[in-house]
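# Here is a sequence together with a model predicted from it:
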Amino acid sequence: SVAALLHRDHDVDHGDRPVTLNGYVRSVRKQKRVAFAALGDGSSLHTVQAVLTPQQAEGLSTGAAVSVTGQWTPSPGKEQSRELHVASLRILGHNDASTYPLQKKYHTPEFLRTLPHLRPRLPFNALLLRLRSYVTAQLTSYLAEHDFVQAHPPIITSSDCEGAGDVFTVTPETPASKPHPDHDFYFASPKYLTVSSQLHLEALAHSVSRVWALSPTFRAEKSDTARHLSEFYMLEAELAFVDRLDDVMDLVESMLRALASGLQSSRVGEELLGAHARDLDDAGARDHDSAAMAPTTLARRWQGLVDGPWPRITYDRAIQLLKHAVAQGVARFDHAPDHKDGLHTEHERYLADAVGQGSPVFVTDYPRNMKPFYMSPSADAADDAREAPTVSCFDLLVPDICELAGGSMREHRLAELSRSMEEHGLHHALTGDAETQPSDASLQWYLDLRRYGSVPHGGFGLGFDRLLCYLSGVSNIRDVSSPRRTPRRKHP
Ligand code: 4AD
Ligand code: MG
C-alpha cells in the first residue's frame with residue numbers, strides 16, 4: 001500500500017503497528033550512538049523526527065529521498081511530542097551533499113531563481129504551490145456556486161484584445177512562406193498567444209450568461225518588474241444581463257472576500273502565518289526567497305479583504321486626491337499627478353495605502369483615450385462635467401501589488417462599438433476584407449455578438465499570480481510562480 005503523506009500521518013495513532021513514511025531529509029544530525037533526521041514531504045511544513053542508528057545514517061545527507069519504517073515513540077525533545085524509531089531505512093535517491101545547491105541555510109532570491117527546477121523542493125515554495133492549488137479550488141467552487149460556467153478559451157488567437165501590441169507571434173514550424181492558396185489555412189494570417197480571453201468569453205456569455213476562465217496569458221512586456229511576467233495566469237469572468245459597473249465590482253469584491261475569509265481558517269493560511277513567524281525568529285533557518293512579513297501584517301492584510309465595503313472612487317477624484325496630497329505636503333511623487341497622464345505606479349501605491357486603509361480600492365471611470373476599444377461610456381455620461389469623456393471601467397488597487405484586477409462594462413451597441421474601433425485605429429478589423437485580409441484577422445465575429453441578440457454585459461480580469469503574491473506576503477511575482485517566464489529567463 002502507498003504510505004500516507006506526512007501531514008495526514010503525523011497525528012494518526014498507529015498503536016504499536018509499524019508505519020512507513022516517505023520523504024526527503026531536511027536535515028540530519030549524527031552523534032556517536034544515535035542520529036536524528038528531520039523528514040518532510042512537502043505535504044505540510046511539518047517534519048517528522050526519525051531516530052536512526054549511526055549505521056543507518058551513513059551516507060545520509062540533506063536532500064536525500066528515503067523510505068523509513070518504524071514505530072512511533074514519545075519524544076523526550078521539546079520540538080515534537082513523538083518521534084519515529086526507525087527499524088529499516090531505504091535510500092530511494094542519494095543526494096551528493098558536496099554539489100547539492102540547496103544547502104540548509106539562507107539563500108538569496110536571485111540565487112534561488114537560477115534553480116527553478118529545484119526551488120519547489122524548499123518547504124516554503126511547496127507551501128506556495130499548495131496555496132496556488134487552494135486558491136484555484138476555492139475560486140472554482142465560489143464561481144460554480146454563483147452559476148458561473150468554467151470555459152477553456154483558446155490560447156492561440158488572431159486578435160490582440162488589449163490593442164497594446166504586447167503580443168507573442170506564433171508561427172508553425174513549416175511556415176506558409178508563399179501566400180497560402182487556402183485562405184482558411186489557420187496560419188495564413190498572423191497568430192498570437194492570447195493576451196486576454198475576454199473577447200472569447202464575451203461570446204460565451206451570450207450563451208450561458210455567466211462564464212469564467214483561468215488561463216495562461218502572455219504579454220511580450222518590456223516591463224521587467226517585480227509585478228510583471230511574460231507568462232502568467234489570469235482569472236477572467238464575463239456576465240451577461242448586467243448594466244451596472246457596480247454589479248461587476250460587487251462580484252470581484254465578494255469573491256475575494258469569501259476567499260480571504262476561507263484562508264483565515266484554512267491549514268494553508270495557518271502555515272503561511274507560521275512560516276513568516278518562523279522566518280522572522282530565525283533568519284538563519286529561512287529558506288525562501290522573499291523578505292519575511294510579520295504574521296500580524298499578513299493577517300491584517302487578509303482582514304482588509306474580508307472587511308468592507310471597499311472604497312470606490314472615480315479617476316477624477318483620484319487625481320484630485322493626489323494633487324491635494326502633494327499640496328498638503330503629505331505625499332511626494334516623481335511624476336506630478338496630472339489628469340492627462342494617467343496613474344503612475346507611485347500614484348496607485350499612494351491611493352491603495354491612503355484611501356484603502358488596509359482594504360483594496362476600486363478606481364473607476366478612466367478617460368476613454370487611456371483604455372481599450374471595447375469599453376462602454378460611463379453610466380451617467382455627464383461628460384461635460386468631466387475633463388474628458390470617460391468609460392465605465394475599474395482598476396482594483398491593493399498595497400504593494402497596485403493593480404490586481406481590471407474590468408469594465410462592454411460596449412454592446414453595434415454602431416457605437418464600430419465607431420470606437422475606428423477611433424482606436426482598428427479599421428482592418430472592421431473591414432475583414434477577404435481580398436486584402438484573411439477573413440479571421442477581422443473582428444467581424446466580435447461585431448456579430450452585437451448584431452445578433454446583444455445584451456448589456458461586463459466582466460473583469462484578475463492577475464492570478466499577483467493575487468498569490470498579495471495573499472502570501474511574497475513581494476516578487478517571480479517567487480510565487482515557479483518556473484514562469486520573465487523577459488530574462490532562458491532555462492529551463
Ligand atoms: O488590465 P489587463 O491588461 O486587462 C485585460 O486584459 C482585460 N481584457 C481583462 C478582462 O477584462 N477580461 O489585465 C488584467 C490583470 C491586471 O489587472 C493584472 O493584475 C494582470 O492581469 N496582469 C499581469 N500579471 C502579471 N504579469 C503581467 N505582465 C500582467 N499584465 C496584466
Ligand atoms: Mg489593466
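Structure's in. What do you need? Numbering: from 1, shown residues only. Ligands and ions are numbered 1, 2, ... in the order given.
# C-alpha from now on. contacts and neighbour counts both.
Will do.
# got any ranges where the stretch 51-200 of the chain has weak pLDDT?
Per-residue confidence for the stretch 51-200 of the chain (pLDDT under 70) gives these ranges: 174-188.
# ok, now with 90
Judged against pLDDT under 90, the low-scoring parts of the stretch 51-200 of the chain cover residues 59, 75, 77-81, 97-98, 103-114, 116, 158-166, 170-191.
# quick one: contacts for whichever residue of the stretch 51-200 of the chain sits closest to ligand 1?
Residue nearest to ligand 1 within the stretch 51-200 of the chain (Cα to the nearest ligand atom): Gln198, separated by 4.3 Å. Counting by Cα atoms under 8 Å, 6 or more residues apart in numbering, Gln198 makes contact with Cys161, Glu236, Ala237, Glu238, Gly459, Gly461.
# Show me which residues of the stretch 351-492 of the chain sit near ligand 1.
Contact residues (Cα under 6 Å from any ligand atom) of the stretch 351-492 of the chain with ligand 1: Glu403, Leu404, Ala405, Gly406, Gly407, Gly459, Phe460, Gly461, Leu462, Gly463, Arg466.
# Pick out the most distant pair among those.
When Cα to Cα is used, the two most widely separated members of those are Gly459 and Arg466, lying 18.4 Å apart.
# quick one: the host helix or strand of Trp212 to chain centroid distance?
Taking DSSP states H and E as the definition, one finds Trp212 inside strand 210-218. Relative to its chain's centre, strand 210-218 lies at 12 Å (Cα atoms, centre = their mean, to the nearest Å).
# same question for it, mean pLDDT?
When pLDDT is averaged along strand 210-218, the result is 97.
# Going by contacts, tell me the helices and strands next to it.
Helices and strands touching strand 210-218, as assessed by 3 or more Cα pairs under 8 Å, 6 or more residues apart in numbering; DSSP states H and E, comprise strand 149-150, helix 198-208, strand 231-240.
# Including neighbour count, could the contacts of Gln198 go into TSV?
Written out in TSV, the entries for these read as follows (neighbours: other Cα atoms under 10 Å):
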residue	neighbour count
Cys161	19
Glu236	24
Ala237	29
Glu238	31
Gly459	29
Gly461	24
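# on that earlier part again, mind checking the helices and strands packed on strand 210-218 for the one nearest to Leu122?
Taking Cα to Cα, strand 231-240 is the member of these nearest to Leu122, at 21.8 Å.
# ok and that closest one relative to helix 198-208, angle-wise?
Going by axes from the mean of the first three to the mean of the last three Cα atoms, to 10 degrees, strand 231-240 is angled at 40 degrees with respect to helix 198-208.
# what residues does the biggest helix by length in the chain touch?
For the chain, the helix reaching the highest residue count under DSSP state H is reported as helix 123-145. For helix 123-145, the surrounding residues in contact (Cα under 8 Å, 6+ apart) are 42-45, 119-120, 149-150, 212, 255, 258-259, 268, 271-272, 275, 287-288, 468, 472, 480.
# Show the buried residues in those residues.
In the contacts of helix 123-145, burial by neighbour count holds for 42-45, 119-120, 149-150, 212, 255, 259, 268, 271-272, 275, 287-288, 468, 472, 480, counting by 16 or more other Cα atoms under 10 Å.
# Please flag which of the residues you listed sit within strands.
Among the buried ones among the contacts of helix 123-145, the ones falling in strands (DSSP state E) are Val149, Gln150, Trp212.
# which residues in the stretch 301-450 of the chain form helices?
All helices of the stretch 301-450 of the chain, identified by DSSP state H, counting those that start in this stretch, fall at 315-327, 345-354, 414-423, 427-431, 444-451.
# between those, which one is nearest to Ala336?
Ranked by Cα to Cα, the member of those that lies closest to Ala336 is helix 315-327, at 7.9 Å.
# List the buried residues of that closest one.
Tyr315, Asp316, Ala318, Ile319, Leu321, Leu322, Lys323, Ala325.
# One more: stretch 75-91?
Of the residues in stretch 75-91, Arg82, Glu83, Leu84, His85, Val86, Leu89, Ile91 count as buried by neighbour count, 16+ other Cα under 10 Å.
# So, low pLDDT: which residues of the stretch 351-492 of the chain?
For the stretch 351-492 of the chain, residues meeting the criterion pLDDT under 90 lie at 379-388, 424-443, 481-492.
# With Gly463 as the reference, measure out to Met375.
Distance check for Met375 against Gly463: by Cα to Cα, to the nearest Å, it reads 19 Å.
# do the same with Tyr106
Tyr106 sits 29 Å away from Gly463 when distances are taken as Cα to Cα.
# more neighbours, these two?
In terms of neighbours (other Cα atoms under 10 Å), Gly463 is the more surrounded of Tyr106 and Gly463; the figures are 20 against 14.
# Tell me if I'm right that the more buried one and Leu235 touch.
Yes - at 6.5 Å, Gly463 and Leu235 qualify as touching, with contact defined as Cα atoms under 8 Å.
# For Val19, find the nearest of the helices of the stretch 301-450 of the chain.
Comparing the helices of the stretch 301-450 of the chain by their distance to Val19 (Cα to Cα), the top pick is helix 345-354, with 51.4 Å.
# how distant is that closest one from the center of its chain?
Here helix 345-354 is found 20 Å from its chain centre; the criterion is Cα atoms, centre = their mean.
# what's the angle from it to helix 315-327?
Counting by the same axes, to 10 degrees, helix 345-354 lies at 90 degrees to helix 315-327.
# buried set for helix 345-354?
Judged by neighbour count using 16+ other Cα under 10 Å, the buried positions of helix 345-354 are His347, Glu348, Arg349, Tyr350, Leu351, Ala352, Asp353, Ala354.
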